[in-house]
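S.K.: Fold the following for me, if possible:
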Amino acid sequence: MEDPFDAEQASLAELKHWEMAPCNAAEMEKNGIQFCFTSADLKERKDFLPNIRKAIKYGLSEKTALKALTNNPAAFINALPQVGALRAGMFADFFISNKNIFEDDAVIYQHWVNGQGNIYDDINAPDIRGNYQMAIADKNYKVTINGEIGKPNGTVKVDTTKYKLSINFKNNLASFSFDYDSAKTARLSGNYNEISKAIDGKGQWVDGNWFDFKMSFVSADTAKAKPADKKEKINYGKVYYPFSAYGSALPDEGLFKTAMQKFKNRYDAILIKNATVWTNEGDSVLKEHDVYITEGKIVRIAPNIDAPKLAFAKTIDAKGMHLTPGIIDEHSHIALTAGVNEWAQASSAEVRMGDVINPEDINIYRQLSGGVTCAQLLHGSANPVGGQSQLIKLRWGLNAEEMKYDKAPSFIKFALGENVKQGNGPGGNRFPQTRMGVEQVYFDIFTRAKNYKKQMDDFSKVSPKQKGTVIAPRKI
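M.R.: As a prediction, the model looks like this:
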């Protein structure tokens, strides 16, 4: 980024995306995932093919790249018998290029759709590359034309200085331009003679004066052809999980395996030495005490704990530091993906916060740094009866299911006040809109719940033989 202040605003997630996005296609190929390439949503459609070429440099095979442009799209729309390959009986859809289309300087000559051709360049265009002598009035210039047949370029020698010669050659008409002095450009246009290989025409100096010129063929260009660029393996950084700041770089054995190993490591034995321990018990604050932890549980709190060193994965010297129980956040909305409020009805008891946990929320890391270890994720207060809450342990680097607190009791969000009657919300015509209406919602809901429980109790008393003829109460 050119502006250093803009660069300071770029997040690690953005930087990693810029670095690693081109390898996504190669990773999908390695894992057997079928995919298509599309130009949809590109800001510049001209970037489509260069982006695919970049993906190939990042490890995608050319075979899979071509398949993602032809065979796979046809298969996904169930049109494979007609398009997507070249074989007898299929529609004549193809293009002709001068070389492998995935090479940077490839040129498309013709594009055919259903047997109708669109011509962009002459396949049989003559090869004008070589060494020439260009005569203008009483001066001679040495000209060299090289590059690709379809995209020639060259140089012109003016006195002892070589200048870049821009060339456009089509339908035997050659157009040139070159700088012959500081900020002065000559423009020329002439016809190519395939027999003599000469180019004759007219040109114009920067002052507007016209001149005749003739380029006589001297010899073929003997300069060695530029060797094709070797495909270098592009080295990029490791995948981070979470894929943001403070994520951990994962080794090659895989994201899930590594995350689970981190999770298991929490059971390694730890001895914390010489801490001031706040127990929240009757003895309250214990100075210069040790805390012995194994398998994730506190085994002993005492001064000068002496245990075999081999039993510990880690010893922490906490002299001068304080150790307290982890903070429990009883009412939190962190780590939820667009799932805080279900506005549609007064009671949304059926929705669950556990279904929308976002384990990559940076707030998990931030709250851990502030001592929070456990949180209850609650539905918002838009409804008198909100959704079911979820208790989580703040386990940074694990997935959503692994963050859920094992065997936690079930809770649900109830709310009163301005929000439930939509005094602070988006408004609308949803009932209730007054505090009287809120009271009535609870009266109705609990009445229905009591009736439902009675029906369930009555149904449970029906004998097994009779249950086949009795309709069970409908869940409400």
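S.K.: Below-threshold pLDDT in the protein: ranges please.
M.R.: Counting by pLDDT under 70, the chain shows low-confidence ranges at 182-183, 222-232, 251-267, 307-313, 423-428, 465-476.
S.K.: Output the longest helix belonging to it.
M.R.: Longest helix in the chain by number of residues (criterion: DSSP state H): helix 435-460.
S.K.: Can you get me the centre-to-centre distance for it and its chain?
M.R.: Distance of helix 435-460 from the chain centroid (Cα atoms, centre = their mean, to the nearest Å) equals 47 Å.
S.K.: Then stretch 368-376?
M.R.: That offset, for stretch 368-376, works out to 29 Å (Cα atoms, centre = their mean).
S.K.: With stretch 179-186 instead?
M.R.: On Cα atoms, centre = their mean, the centre of stretch 179-186 falls 47 Å from that of its chain.
S.K.: Which elements pack onto the longest helix of the chain?
M.R.: Here helix 435-460 touches strand 385-388, going by 3 or more Cβ pairs under 8 Å, 6 or more residues apart in numbering; DSSP states H and E. (C-beta placed from N, C-alpha, C; glycine too.)
S.K.: immediately after the strand it packs on, which helix or strand?
M.R.: Beyond strand 385-388 in the direction of the C-terminus, DSSP states H and E gives the next helix or strand as strand 390-393.
S.K.: those strands in the stretch 301-450 of the chain, which residues are they?
M.R.: Along the stretch 301-450 of the chain, the segments classed as strands by DSSP state E, counting those that start in this stretch run 314-317, 322-323, 327-332, 372-377, 385-388, 390-393, 412-414.
S.K.: For the fifth one, what is the distance to the chain centroid?
M.R.: Looking back up the chat, that one is strand 385-388. Offset of strand 385-388 from its chain centre (Cα atoms, centre = their mean): 33 Å.
S.K.: Next, the contact list for Ala275, please.
M.R.: If you count contacts by Cβ atoms under 8 Å, 6 or more residues apart in numbering, Ala275 has them with Glu288, His289, Asp290, Val291, Ala318, Lys319, Met321, His322, Leu323.
S.K.: And these, which of them are buried?
M.R.: Restricting these to buried positions leaves His289, Asp290, Val291, Ala318, Leu323, with burial counted as 16 or more other Cβ atoms under 10 Å.
S.K.: separation between Leu69 and Phe102?
M.R.: Distance, Leu69 to Phe102, by Cβ to Cβ, to the nearest Å: 10 Å.
S.K.: Now do the shared contacts for these two.
M.R.: Common neighbours of Leu69 and Phe102, counting by Cβ under 8 Å, 6+ apart, are Ile52.
S.K.: got CSV for the contacts of Ala275, with distance to Phe243 too?
M.R.: As requested, the contacts of Ala275 are exported to CSV (distance: Cβ to Cβ, whole Å):
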residue, distance to Phe243
Glu288, 42
His289, 40
Asp290, 38
Val291, 34
Ala318, 33
Lys319, 37
Met321, 32
His322, 34
Leu323, 32
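S.K.: Met1 and Glu8 touch, don't they?
M.R.: No. Using Cβ atoms under 8 Å, Met1 makes no contact with Glu8, being 9.3 Å away.
S.K.: Of the buried ones among the contacts of Ala275, which is the nearest to Glu194?
M.R.: Set against Glu194, the nearest of the buried ones among the contacts of Ala275 by Cβ to Cβ is Ala318 (88.2 Å).
S.K.: show me what contacts the closest one?
M.R.: Ile272, Lys273, Asn274, Ala275.
S.K.: Okay, and which of those residues map to strands?
M.R.: Secondary structure from DSSP state E places Ile272, Lys273, Asn274, Ala275 of those in strands.
S.K.: what's the closest of these to Ala245?
M.R.: Each of the ones in strands among the contacts of Ala318 was checked against Ala245 using Cβ to Cβ; the closest is Ile272, at 27.7 Å.
S.K.: can you count the residues close to that closest one?
M.R.: 21 (other Cβ atoms under 10 Å).
S.K.: Distance-wise, check it relative to Ser284.
M.R.: Distance from Ile272 to Ser284, counting by Cβ to Cβ: 18 Å.
S.K.: quick one: secondary structure of Lys67?
M.R.: helix (DSSP: H, G, I helix; E, B strand; the rest coil).
S.K.: separation between it and Leu12?
M.R.: 34 Å.
S.K.: Specify which residue of these two has the higher count of neighbours.
M.R.: Each of Lys67 and Leu12 has its neighbours counted (other Cβ under 10 Å); Lys67 has more, 20 against 13.
S.K.: re earlier: biggest separation within the contacts of Ala318, which pair?
M.R.: Longest span within these, Cβ to Cβ: Ile272 and Asn274, 8.3 Å.
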